[in-house]
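S.K.: no FASTA, just this:
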């Protein structure tokens, strides 16, 4: 019932805060994800690969990479730093920007599509960081995100494939690219508990 109400709300006149709240509601609150971070150059040659385990429990998020705990960032700027030379940041894995308070719509991009899905585009800001997020108006799912430094896009995250884990559909392959890096990183979700 809640999903139906959220869907109807998103499809009509949801405020930016309501839209982002519906997106947050799709993120499991108590979950453990495990998978791989695979760095590839432009030709697809694998340059590095790391295993990760992301755990969310009781409102806290923790991360281990290659079996070692990865300390969460202490400030917003560090949340945008790549993990172990990958394009992936703490923000990519935790989606922490969905909890930022400064949220508005990018009216010029209203109705853009990602993978054929009509999206609302939310602009989220915290301090010097800005993220533009494409949220499916029908489901509330985050389909794509871009981080900016001023007017210049510095990073992009997008879903490449969906998989059903139990009764939950979610992206199990994401791509992340840092502008000008010459490589991109694939995030795979292999297991969800």
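M.R.: Sure thing, it's come through. Just so it is clear, the structure is predicted and the values come from calculations on it, not from any experiment.

S.K.: now the biggest strand by length in the chain: how far from the chain's centre is it?
M.R.: When the chain is parsed with DSSP state E, its longest strand is strand 152-165. Distance of strand 152-165 from its chain centroid, counting by CA atoms, centre = their mean, to the nearest Å, is 7 Å.

S.K.: so what's residue 103 scoring on pLDDT?
M.R.: Residue 103 carries a pLDDT value of 96.

S.K.: Where does pLDDT dip in the chain?
M.R.: Across the chain, the ranges flagged by pLDDT under 70 are 1-12, 76-77, 160, 162, 167-170.

S.K.: can you do 50?
M.R.: Along the chain, segments meeting pLDDT under 50 span 1-11.

S.K.: what about the strands in the protein?
M.R.: Using DSSP E, strands in the chain cover 31-41, 46-57, 60-65, 68-70, 102-105, 113-114, 117-126, 129-136, 142-149, 152-165, 168-178, 183-192.

S.K.: Look up how far residue 96 lies from the closest residue to residue 101 other than its chain neighbours.
M.R.: Distances taken as CB to CB, 6 or more residues apart in numbering place residue 126 nearest to residue 101, at 7.7 Å, with adjacent residues excluded. Using the backbone N, CA and C atoms, a C-beta is placed for each residue, glycine as well. Going from residue 126 to residue 96 by CB to CB, to the nearest Å gives 9 Å.

S.K.: Please identify which of those two sits among more neighbours.
M.R.: Neighbours were counted for residue 126 and for residue 96 using other CB atoms under 10 Å; residue 96 has more, 20 against 16.

S.K.: Show the contacting residues for the more buried one.
M.R.: 79, 90 (CB atoms under 8 Å, 6 or more residues apart in numbering).

S.K.: Quick check: residue 52 touching residue 32?
M.R.: No. If you go by CB atoms under 8 Å, residue 52 and residue 32 don't touch, sitting 10.8 Å apart.

S.K.: more neighbours, the two?
M.R.: residue 52 (24 against 14).

S.K.: Leaving aside the residues adjacent along the chain, what's closest to that one?
M.R.: Closest to residue 52 by CB to CB, 6+ apart is residue 65, at 5.0 Å.

S.K.: for residue 91, same thing?
M.R.: residue 79 (4.8 Å).

S.K.: so who does the one you found touch?
M.R.: Here residue 79 is in contact with 73, 89-91, 94, 96, 129 (CB under 8 Å, 6+ apart).

S.K.: Please convert those residues to a markdown table, extending it with distance to residue 150.
M.R.: Below are the contacts of residue 79 laid out as a markdown table (distance: CB to CB, whole Å):
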| residue | distance to residue 150 |
| --- | --- |
| 73 | 21 |
| 89 | 18 |
| 90 | 21 |
| 91 | 18 |
| 94 | 24 |
| 96 | 21 |
| 129 | 11 |
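
S.K.: Return the set of residues that bridge with the residue nearest to residue 101.
M.R.: residue 129 (DSSP bridges).

S.K.: how far away is it from residue 136?
M.R.: Distance from residue 126 to residue 136, by CB to CB: 23 Å.
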